[in-house]
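Novice: No sequence on hand, only this structure:
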């Protein structure tokens, strides 16, 4: 079966210990479930999700992808397996959204908000991991406008997010 | 005095007659006030704002700028005076935000939401023109996160938006 | 009549006094001839061509356009009239090529070579200003491949380049 | 040992049977030698190199990377293992160059020329596979300007290109 990609988008800003722990768990469980994990490839929450993914026992080469803002491969955190330097700055998030089967948004700031809205516009299924009281939590359960019939799916923790991703892709049915 | 730029960001989607009329008025009043007006340069609300700007009696060459998604100059609406084809698709909105002294957001969908959040992140003063019940209206008066001390300024109509833009840039004080 | 754009592409690298003087003359004569002048908008040869353009007595607002690699408007040289920050790095040259009616290449290094080849690929008429013994001189009079029937036109000095640009656009015929 | 990336850049244009056969051999031998292979991910020579890489017995997941011009993953040829849709058009070649340890250029047209010059500018080791009488052959053995002390290395066939890539990266020495 073709491998599926989950893009984990984080809004930047300061990463708390709690959100890093959750992101690490998220990366780990996603690879356990057979997904490839793409992120912005840098530090903080991006590094946490990459690290979790890399340390899953199910990890295979090519499973941890980092889409960097700059052109220097050295910007990638050490857990990234496939490094893609773009030179596009924040605009590289459009690549993350475009390559994803499902987008999981983490974090509460304007960056997360912008990326959720972008994913909505591109028609990708969206899961908001409710790590705090910011935008991911606020938008969970809502539609951003009427161009789509679905909603942003809220997940209370990493395990729920992975289960939701599988369900949204029809991977939870018995073969 | 150096000319100032106002970027008018619209979320795409269907443009109602009412929002086009308001956008046309907005473009006209912005050029009347001495601003240059940048938009996405295409049809619908973008065309309305360009047309209004071009037809102001205060119009000078270089006042109506269109930052196109594609690489074909012919995509520009006929009122655009300086045509910039980018080939970046929706990611070209980052240029609109970066070139602006003030960003004015029009519209209620996910596109508008994404662009407001992007402008917030880039530290640009934001005015939300409350044309309908969508995101521009919903976010007026709010801060998106705590990285900035200001808020998204709501404007009830085009005239208020222009007055606000002047005030935000300190252009409303007697010389 | 609609205004025409000339994109002046320079390969970066060190700018000699001679090439700056020639670029300045080029910018001046292009605006004298009624063209708008777009460049990379920064220092060195880009600044020289912008300065020459800005100081032409025929200068009108909107005539000197700078397509910047970064997102900071402050990177533009002081002679640029319309500042477009892109955040695309060197990839912003694709915008310069796309917006041009004619591309004039200046300089002898790999940057110039890359940009000439890009302009060729995009089907734009190309004039190589033969400032030195580098690539612009070497390619003058040649076709890069067989996708086009024309050649890269060599110009010995700024005046010839402007005359060629007018001829290529059919602007040298009596009205 | 960290995996190394070879970017195979092709100028577009029509792909002859001979150049496809050579590209297929190149992809195959690169993966045999332990490299990952990145290309533009589409049809013609890009598909040939991807196919060769994918069918190597040494292939592991993540070894065949396609950096697409558009935003639609479906544009990728079926042999690509990691699909990166960029929405940047031809400007996506900057990603290919930036991610590579060594760039191998195939083909004779203006596209190849532009990409070789870009790779030169970015300081990447370049191998020109001399498939025909075009630019790759013409530039083999030459320096594009004096910013670098090395030259563009010509390779007569796919086997030589792979041996050269190993030598340039110091991978040909006994452990």
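Specialist: Yep, it's here. Please read all numbers here as calculations on a predicted model, not as lab measurements. Numbers count the residues shown, from 1 in each chain, chains lettered A, B, ... in the order given.

Novice: element containing residue A:49, please.
Specialist: Element membership for residue A:49 (DSSP states H and E) is helix A:45-54.

Novice: Output the contacting helices and strands for that helix.
Specialist: Applying 3 or more C-beta pairs under 8 Å, 6 or more residues apart in numbering or on different chains; DSSP states H and E, we find helix A:45-54 packed against strand A:5-10, helix A:17-32, strand A:36-39, strand A:64-68. From N, CA and C alone the C-beta is placed, and that goes for glycine too.

Novice: can I get those in CSV with mean pLDDT, mean neighbour count and distance to chain D?
Specialist: Listed next are these as CSV, based on pLDDT from 0 to 100; neighbours: other C-beta atoms under 10 Å in any protein chain shown; distance: least, C-beta to the nearest C-beta, whole Å:
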stretch, mean pLDDT, mean neighbour count, distance to chain D
strand A:5-10, 94, 26, 8
helix A:17-32, 93, 21, 12
strand A:36-39, 98, 28, 8
strand A:64-68, 97, 28, 7
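
Novice: out of the ones you listed, which comes closest to residue C:136?
Specialist: strand A:64-68 (33.6 Å; C-beta to C-beta).

Novice: Check whether that closest one comes near chain B.
Specialist: No. Among the residues of strand A:64-68, none lie within reach of chain B under C-beta under 8 Å from any C-beta of the partner chain; the closest is 13.0 Å away.

Novice: which is the next helix or strand following that strand?
Specialist: Using DSSP H and E, the next helix or strand after strand A:64-68 towards the C-terminus is strand A:82-85.

Novice: Ignoring the adjacent residues along the chain, who's closest to residue A:60?
Specialist: Residue nearest to residue A:60 in three dimensions, not counting chain neighbours: residue D:61, with 5.0 Å by C-beta to C-beta, 6 or more residues apart in numbering or on different chains.

Novice: list the contacts for the one you found?
Specialist: A:3, A:60-63, D:81 (C-beta atoms under 8 Å, 6 or more residues apart in numbering or on different chains).

Novice: If any of those are buried, put those into a PyMOL selection.
Specialist: Those of the contacts of residue D:61 that count as buried under 16 or more other C-beta atoms under 10 Å in any protein chain shown are selected in PyMOL with:
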select buried, (chain A and resi 3+62+63) or (chain D and resi 81)
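
Novice: Which single one of the contacts of residue D:61 is nearest to residue A:169?
Specialist: Nearest to residue A:169 among those is residue A:3, at 11.5 Å by C-beta to C-beta.

Novice: Which positions in chain A make contact with chain D?
Specialist: Within chain A, the positions near chain D by C-beta under 8 Å from any C-beta are A:3, A:36, A:60-63, A:65, A:67, A:71-73, A:81-88, A:94-95, A:98-99, A:122.

Novice: how does it look with 7 Å?
Specialist: Counting by C-beta under 7 Å from any C-beta of the partner chain, chain A comes close to chain D at A:60-62, A:65, A:71, A:73, A:81-87, A:94-95, A:98-99.

Novice: Can you turn the buried subset of the residues you listed into a selection I can paste into PyMOL?
Specialist: A single PyMOL command selects the buried members of those (16+ other C-beta under 10 Å):
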select buried, chain A and resi 62+65+71+73+81+82+83+84+85+86+87+94+95+98+99
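
Novice: C-terminal to the helix-or-strand element of chain A with minimal mean pLDDT, which secondary structure element comes first?
Specialist: Within chain A, no helix or strand scores below helix A:135-139, which has a mean of 88 by mean pLDDT, DSSP states H and E. Next in sequence after helix A:135-139, counting helices and strands by DSSP H and E, comes strand A:153-155.

Novice: Mind giving me the packing neighbours of that following strand?
Specialist: If contacts are counted by 3 or more C-beta pairs under 7 Å, 6 or more residues apart in numbering or on different chains; DSSP states H and E, strand A:153-155 sits against strand A:126-129, helix A:158-168.

Novice: and the angle for the last one with strand A:5-10?
Specialist: The reference is to helix A:158-168. Computed by axes from the mean of the first three to the mean of the last three C-alpha atoms, to 10 degrees, the angle separating helix A:158-168 from strand A:5-10 equals 140 degrees.

Novice: tell me the contacts of whichever residue of chain A sits closest to chain D?
Specialist: Closest to chain D within chain A is residue A:62: 2.1 Å, counting by C-beta to the nearest C-beta. By C-beta atoms under 7 Å, 6 or more residues apart in numbering or on different chains, the residues touching residue A:62 are A:36, A:81-82, D:61-62, D:81-82.

Novice: Quickly compare the helices and strands packed on strand A:153-155 and say which is most buried.
Specialist: Mean neighbour count (mean count of other C-beta atoms under 10 Å in any protein chain shown) peaks for strand A:126-129 among the helices and strands packed on strand A:153-155, with a mean of 28.

Novice: What are the contacting residues of that one?
Specialist: Strand A:126-129 is contacted from outside by A:22, A:26, A:102-106, A:116, A:119-120, A:136, A:139-140, A:152-155, A:161, A:164-165, using C-beta under 7 Å, 6+ apart.

Novice: Using the three-state scheme, assign residue A:108.
Specialist: Counting by DSSP: H, G, I helix; E, B strand; the rest coil, the backbone at residue A:108 sits in coil.

Novice: Now do the phi/psi pair for it.
Specialist: phi -120, psi 0 (degrees, to the nearest 10).

Novice: hmm, back to that, could you take the helices and strands packed on strand A:153-155 and lay them out as JSON lines, with extra columns for mean pLDDT and distance to residue A:53?
Specialist: Listed next are these as JSON lines, based on pLDDT from 0 to 100; distance: least, C-beta to C-beta, whole Å:
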{"stretch": "strand A:126-129", "mean pLDDT": "94", "distance to residue A:53": "15"}
{"stretch": "helix A:158-168", "mean pLDDT": "97", "distance to residue A:53": "12"}
